[in-house]
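# need the 3D shape of this:
(one chain, ligands or ions: 1)
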Amino acid sequence: MIDLRSDTVTLPSDEMRAAAADAEVGDDVYGMDPTVTELETRAAEIVDMEAAMFVPSGTMGNQIAARVHTERGQEALVERESHVVRWELGGFAQLSELQIRTVDGGPRGIPTPEQVREEYVEKTLHRPGTGLLSLENSHNYRGGVAIAPEKIAAAAEAAHDRAVPVHLDGARIFNAAMARDVDVTAFTEHVDSVMFCLSKGLGAPVGSILAGDTDFIREGRRVRKLLGGGMRQAGMIAGPGLVALENREHLADDHANAKRLAGGLKEIDGLAVQEPETNILMVDTENTGMTASEFLERLEDEGVYGIPREGTVLRFTTNWNVDADDIDDAIERIADLLDS
Ligand SMILES: *Cc1c(COP(=O)(O)O)cnc(C)c1O
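The predicted model follows:
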């Protein structure tokens, strides 16, 4: 089976399993797990923020950020197709009692500073006030596009000019940094908090990081507890997370494989391919006469897996359980499918 559904499907390496087995642990709710503390310290260092916190999932990290940055009843300004709007169950409304105001960031999923200024709402007798700007990089729904640091900086500056804090959903921030050939701090220096996933391209079995300043993370720990995210001997999963954190260079292989896959699929009649910038590849099956779901159902019989988006659009995501030979194999099976 060639599993291109997501970069979350990877199985932990032997090194990660060993790190779990050998982790020095304690009760992290009491701040006594040295492996978790080491992971948080190292993560904060990498994104150059004062503090960081280990959370069970990226979703929880984003939700904690929204809750800590805002007050009940405020507006959150978010990109229309961002993960926090599309795939987090309306968490900003459910957990932080925020009203969402979406802005259309276009095909690259990034609001312009003009849009931020236009959609900003001042707190008055009648209006709730904007309490947060949330950005995303790489932008998942838009096809893993890697947004330039200057675009993040410009949108963030427009928010900061109005004293609005900025959160960056950087589930795949290291993919964006690699694609842009910059250090991750080129993004994080412009925002007040960042979330990134250890469990995606970096390959850890569990967990994400939320980073920000010391006060933000102190309050974030209270919200994490509230949401049921206080974990005990969490070094068992933080150990593999530490290994994952040092896997950042490996993302280059995923990007090369996405390009390889795009190159192969482009040659196949009926498929339209969006040029990949990171490890995500968007493919349109319209000219095959099949919807994405129909196409993928048939492809599963050939042992290749992707996920459908809407209509005729589907997503393949390269990951470190898939190598260049698997990619060539996948291309061949897709070509055969459309030939038959
Ligand atoms: C995967 C993802 C998340 C959520 O991470 P989970 O660990 O699956 O909860 C958040 N934002 C983006 C952009 C993602 O791709």
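# my read is A204 is in a helix, agree?
No: assessed with DSSP: H, G, I helix; E, B strand; the rest coil, A204 is coil; it does not lie in a helix.
# ok, now which ones touch it?
Taking Cβ atoms under 8 Å, 6 or more residues apart in numbering, we find A204 in contact with P12, M16, L198, I237, P240, G241, V243, A244. No exception for glycine: its C-beta is placed from N, CA and C like everyone else's.
# try L133
Neighbours of L133 in contact, by Cβ under 8 Å, 6+ apart: A76, L77, V78, P111, V116, A155, A156, A159, V164, P165, V166, H167.
# let's see it at 7 Å
Neighbour list for L133: L77, V116, A155, A159, V164, V166 [criterion: Cβ atoms under 7 Å, 6 or more residues apart in numbering].
# grab the nearest non-local neighbour of it.
Nearest residue to L133 in three dimensions, chain neighbours excluded: A159, at 4.0 Å (Cβ to Cβ, 6 or more residues apart in numbering).
# same question, D27
Setting aside the residues directly before and after it, D27 is nearest to R232 in space (Cβ to Cβ, 6+ apart), at 5.2 Å.
# which residues does S134 bridge with?
With DSSP bridges as the criterion, S134 is bridged to V78, H167.
# tally of neighbours for it?
By other Cβ atoms under 10 Å, the residues close to S134 number 27.
# surely it is in contact with H83?
No: with contacts counted by Cβ atoms under 7 Å, S134 stays clear of H83, the gap being 9.4 Å.
# all helices of the protein, in order?
With helices called from DSSP state H, the chain shows them at 14-22, 34-47, 58-69, 83-86, 91-96, 113-119, 149-160, 173-180, 185-188, 214-226, 235-245, 251-266, 292-301, 324-339.
# compare these and give me the one nearest the ligand.
For the ligand, the closest of those is helix 58-69, at 2.4 Å, according to Cβ to the nearest ligand atom.
# just want the angle from that closest one to helix 214-226.
Interaxial angle, helix 58-69 versus helix 214-226 (axes from the mean of the first three to the mean of the last three Cα atoms, to 10 degrees): 120 degrees.
# show me what helix 58-69 is packed against.
With contacts taken as 3 or more Cβ pairs under 7 Å, 6 or more residues apart in numbering; DSSP states H and E, helix 58-69 sits against helix 91-96, strand 130-136, strand 166-169, strand 193-197, strand 208-212, helix 214-226.
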